[in-house]
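Chemist: Prediction below, plus the sequence it came from.
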Amino acid sequence: MTNGSISKACTGCQEVQPPSEFHKAANSKDGHRWACKSCCKVSERAYKVKNAVAESKRGKIYRSKHVEDIRIRDKAYRELKQAELDGRAQI
Ligand SMILES: [Zn+2]
C-alpha cells in the first residue's frame, strides 16, 4: 500500500520510480521534480563541469562583496559549535 503518492516516470531516464526517488519541488503539481534523483545528480555535475570557470568567478565575486557577512556568519557558526562543545562538556 502506498501513502497516497503514485510512482511516476522520470523525464530523464524514462524509468517509472517511487516518489522517494524524486527530489521535492514546491512549485510542481505533484510536489516532486520531473527528473529522478540520479538524473538530477548527473545534470548538476554536467552543469558544474560546463560552467566551472563562470561558477568559480561567481563565487569569487560573491566572497569579495560579502566579506563582512561571511566573517559574521563564520563567527556565529564557531560560537555555536563552541557552545555545543561546552554544553556537552558540562553533562
Ligand atoms: Zn531518471
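Modeler: Received the coordinates, thanks.
Chemist: mind listing what the spatially most central residue of the chain touches?
Modeler: Nearest to the mean C-alpha position of the chain, counting by C-alpha atoms, centre = their mean, stands His23 at 9.7 Å. Contact analysis of His23 by C-beta atoms under 8 Å, 6 or more residues apart in numbering lists 32-33, 37, 40. Where C-beta positions appear, they are placed from N, C-alpha and C, glycine not excepted.
Chemist: So it: helix, strand or coil?
Modeler: Under DSSP: H, G, I helix; E, B strand; the rest coil, His23 falls in the strand class.
Chemist: heads up, I number from 741, so please use that
Modeler: Okay, residue one is now 741; in that scheme the one you just asked about reads as His763.
Chemist: Return the distance of it relative to Ala786.
Modeler: Distance, His763 to Ala786, using C-beta to C-beta, to the nearest Å: 17 Å.
Chemist: Please read off the pLDDT at the residue nearest to the centre of the chain from the model.
Modeler: Looking at His763, its pLDDT is 95.
Chemist: And Asn743, by the same measure?
Modeler: Asn743 is given a pLDDT of 46.
Chemist: cool, and Asp770?
Modeler: Reported pLDDT at Asp770 in the predicted model: 89.
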